[in-house]
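Trainee: sequence? don't have it. structure:
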């Protein structure tokens, strides 16, 4: 299904609904400005280009389940699936 | 048709209408601030000049079909075609 | 309980209630904009990636009791515990 | 007519009216914030000085016809001609 | 009393009341936005980490009496004492 | 008259009135935010200090007639003359 | 009187009243946002620390009479004298 190749430090992520929670993490309905969301990494960019013309590698990889900040991304639809594209800096943690 | 040569990290892109969708991607009408758009890369700049006087190469190339953020660009008309010029940082992904 | 691996310079911290104060520090109810909070470090990211493609190590480590700025973080729930994820720059001091 | 020598990464440009369009490009009356304008480069600065005390060369050269963002420049009059001075970063593309 | 170890370029400072003035400096009640305050340095962080993974050393040291900008800090209470934590950049001068 | 030595990348400039126009340049009364002004360079600073502890040399020199942005400067009076002090980045061009 | 040692790129300056004008400079009552002020440098910091862990030297020295921007500083009183502390970047020129 790798029909979409993110550029630079972009990720393509499939949001995971709360019912699919694997490791018992439940994100509470908080009053904070930033609401984290859970998702599965579908595709990873090559990393942004540094000033020294080397790409800065991305920490997460395809298949990782991650927590990410909801507000930074862009929604797209691929083969009927709702996906999000956002930058690596919006990733908070990898769930294992 | 290469009558227009973008400078630095600018791209010239021909927006692709939804009817021309190749790989089944449909961009939904979302409520997010940023609406991605699909387009075909017509011309690519040499990359922006880094502090070390080397150009930072651009990841996308002529002919690529890309997703890009709509709000960053400038509209121009070339030989009757509606084109957009924007910076590489507005590109989200390459569609394959 | 290491089911959550923070990315880059993120920390996962369990806030410590005032009743659990160890070393006699009590954070007063001040009129300042920033209210510090006490917490125990549960997990530490690998550090953010510098321009030279090396990770910048994080000063605090798992198990440290820290003072941190409350306003920068994101709340998550893991195995029934209320945790916070924030960047290293929001840490003020380590309590010993 | 080289009586004006731009400094750093400034360019002196003579705006070209739509009637003088050479290559069939017509800039439409769009609703976007940024309206590109066409012009002929009259004079080019030596480039801005980088941190390493080397000048970063400018991509466009005297005589080039360019598309540029209208809002960044300063209007001056030289020998009866209306000219604009702006920074290289306001250039979008070279027309050939 | 070194139970608190500031991180990065943070300092822990005990504000000094005007009655304890040592060297005859009196900070007048001015109309300026920034009111400087006098304090004694209790603890000093290791310095912030530079891009080259070296810590940038801090100029003031434990025991120094300093003038600092009041508005940047965070108030904490340690063993009954009112202390402040702020970054080195908020220090104006060392009093000798 | 070199009684004033600008620091860093500051210039001391004597504004030139329109009646003294040498090369036929007349700056029109435009509706743009930035109004350029003409002046003669009286004194030039040594350049701002770069991160590598070398001064970045200034492009204009004493005696040059320049176009500069009016809004960035500070007015001073020296030996009865009205002068302006501003940074090199406010210079647009050298008139020859 | 060197009881105050400014840190980093701070200066301690004693403002000079207009009546004490040495070289005939009178700063007019202008309508500009920035009003320059004249002063004598009492003490100079070691310079701010650059990313390479070297201090960037300060251009002015003790005893210099300088023009500085009024709005950036902090007022303090030392041995009955009204002084100001501000950063080197607020200095416009040295008067000789």
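Mentor: That came through, no problem. Bear in mind that the values here come from a model prediction, so they are computed numbers and not experimental data. Numbers count the residues shown, from 1 in each chain, chains lettered A, B, ... in the order given.
Trainee: excluding its backbone neighbours, what's nearest residue A:13?
Mentor: Distances taken as CB to CB, 6 or more residues apart in numbering or on different chains place residue A:39 nearest to residue A:13, at 3.9 Å, with adjacent residues excluded. Any C-beta I mention is one placed from the backbone N, CA and C, and that applies to glycine too.
Trainee: which SSE is that neighbour in?
Mentor: strand A:36-44 (DSSP states H and E).
Trainee: same deal with residue A:61?
Mentor: Secondary structure assigned from DSSP H and E places residue A:61 in neither a helix nor a strand.
Trainee: pLDDT score for the residue lying closest to it once chain neighbours are set aside?
Mentor: Spatially, and ignoring its direct neighbours in sequence, residue A:61 is nearest to residue A:44 (6.1 Å; CB to CB, 6+ apart). Model confidence at residue A:44, given as pLDDT, is 98.
Trainee: identify the bridge partners of residue A:44.
Mentor: residue A:11 (DSSP bridges).
Trainee: ditto for the one 5 residues further on
Mentor: According to DSSP bridges, the partner residues bridging residue A:49 are residue A:55.
Trainee: tell me, how many residues neighbour the residue nearest to residue A:65 when sequence neighbours are not counted?
Mentor: Using CB to CB, 6+ apart and skipping the chain neighbours, the partner closest in space to residue A:65 is residue A:95 (4.5 Å). Neighbours of residue A:95 under the rule other CB atoms under 10 Å in any protein chain shown: 21.
Trainee: test my guess that residue A:95 contacts residue A:63.
Mentor: No: the pair residue A:95 / residue A:63 is not scored as a contact, 11.8 Å apart, by CB atoms under 8 Å.
Trainee: contact partners for the residue most central in space within chain A?
Mentor: Nearest to the mean C-alpha position of chain A, by CA atoms, centre = their mean, lies residue A:13 at 4.4 Å. When contacts are counted by CB atoms under 8 Å, 6 or more residues apart in numbering or on different chains, residue A:13 is found next to A:39-42, A:66, A:68, A:73, A:83-86.
Trainee: most neighbours among these, which one?
Mentor: Within those, most neighbours by other CB under 10 Å means residue A:68, with 27 neighbours.
Trainee: sorry, back to before: beta-bridge partners for the residue nearest to residue A:65, please?
Mentor: Counting by DSSP bridges, residue A:95 forms beta bridges with residue A:65, residue C:4.
Trainee: quick one: stretch A:55-67 to chain centroid distance?
Mentor: Stretch A:55-67 sits 8 Å away from the centroid of its parent chain (CA atoms, centre = their mean, to the nearest Å).
Trainee: which residue does chain A have closest to chain D?
Mentor: Relative to chain D, the nearest point of chain A is residue A:51 (10.7 Å; CB to the nearest CB).
Trainee: okay, that residue: pLDDT?
Mentor: Value listed for residue A:51 in the pLDDT field: 71.
Trainee: which parts of stretch A:45-61 are buried?
Mentor: Residues A:45-50, A:56, A:58-60 are the ones in stretch A:45-61 that count as buried (16 or more other CB atoms under 10 Å in any protein chain shown).
Trainee: so who does residue A:91 touch?
Mentor: By CB under 8 Å, 6+ apart, the neighbours of residue A:91 are A:11, A:59-60, A:66-68, C:7-8.
Trainee: would you turn these into CSV with pLDDT?
Mentor: Converted to CSV, these look like this (pLDDT from 0 to 100):
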residue, pLDDT
A:11, 97
A:59, 96
A:60, 97
A:66, 97
A:67, 95
A:68, 94
C:7, 97
C:8, 97
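Trainee: and of those residues, the nearest to chain B?
Mentor: Looking across these and measuring by CB to the nearest CB, the closest to chain B is residue A:11, at 9.7 Å.
Trainee: burial check on the closest one, number of neighbours?
Mentor: That count, for residue A:11 with other CB under 10 Å as the rule, works out to 28.
Trainee: likewise for residue A:81?
Mentor: If you count neighbours by other CB under 10 Å, residue A:81 ends up with 11.
Trainee: right, and it touches residue A:14 too?
Mentor: Yes: using CB under 8 Å, residue A:81 makes contact with residue A:14 at a distance of 6.1 Å.
Trainee: tell me the angle of the helix or strand containing residue A:75 relative to strand A:36-44?
Mentor: Per DSSP H and E, residue A:75 falls inside strand A:74-78. Put simply, strand A:74-78 runs at 50 degrees to strand A:36-44, going by axes from the mean of the first three to the mean of the last three CA atoms, to 10 degrees.
Trainee: how far out from the middle of the chain is strand A:74-78?
Mentor: The chain centre lies 12 Å from the centre of strand A:74-78; the measure is CA atoms, centre = their mean.
Trainee: hmm, whichever helix or strand comes after that strand in reach of chain C?
Mentor: Counting by DSSP H and E, the next helix or strand C-terminal to strand A:74-78 is strand A:81-87. No: using CB under 8 Å from any CB of the partner chain, strand A:81-87 never reaches chain C; the gap is at least 11.6 Å.
Trainee: I'd like to know how far residue A:10 sits from chain G.
Mentor: Distance of residue A:10 to chain G, computed by CB to the nearest CB, to the nearest Å: 28 Å.
Trainee: for that residue, which non-adjacent residue is closest in space?
Mentor: Nearest in space to residue A:10, with sequence neighbours left out and distances taken as CB to CB, 6+ apart, is residue A:45 at 4.6 Å.
Trainee: who touches the one you found in this structure?
Mentor: For residue A:45, the contact set (CB under 8 Å, 6+ apart) comprises A:5-11, A:58, A:88, B:93.
Trainee: and the residues you listed, which two are furthest apart?
Mentor: Across these, the longest distance by CB to CB is 15.2 Å; it joins A:5 and A:88.
Trainee: what about these two, which has more around it?
Mentor: Neighbour tally, residue A:5 and residue A:88, criterion other CB under 10 Å: the higher count belongs to residue A:88, 23 against 19.
Trainee: for the more buried one, give me the pLDDT.
Mentor: Reading off the model, residue A:88 has pLDDT 96.
Trainee: any weak-confidence spans in chain A?
Mentor: Residues of chain A meeting the criterion pLDDT under 70: A:1-2, A:18-35.
Trainee: for chain F, what's the nearest residue on chain A?
Mentor: Closest to chain F within chain A is residue A:51: 13.2 Å, counting by CB to the nearest CB.
Trainee: distance of that residue from residue F:88?
Mentor: Taking CB to CB, to the nearest Å as the measure, residue A:51 falls 24 Å from residue F:88.
Trainee: what does residue A:12 give?
Mentor: 45 Å.
Trainee: also residue A:44?
Mentor: Using CB to CB, residue A:44 is found at 43 Å from residue F:88.
Trainee: again, but for residue A:63
Mentor: In terms of CB to CB, residue A:63 sits 53 Å off from residue F:88.
Trainee: please apply the same query to residue A:89.
Mentor: On the measure of CB to CB, residue A:89 and residue F:88 end up 34 Å apart.
Trainee: also residue A:53?
Mentor: Going from residue A:53 to residue F:88 by CB to CB gives 29 Å.
Trainee: leaving out chain neighbours, which residue sits closest to the residue in chain A positioned nearest to chain G?
Mentor: Taking CB to the nearest CB, chain G has its nearest neighbour within chain A at residue A:51, 13.2 Å off. Nearest residue to residue A:51, sequence neighbours excluded (CB to CB, 6+ apart): residue B:50, at 5.1 Å.
Trainee: return the residues in contact with the one you found.
Mentor: Contact partners of residue B:50, counting by CB under 8 Å, 6+ apart, are A:51-53, B:56.
Trainee: quick one on the thing from earlier: gap between the residue nearest to residue A:10 and residue B:13?
Mentor: Distance from residue A:45 to residue B:13, by CB to CB: 19 Å.
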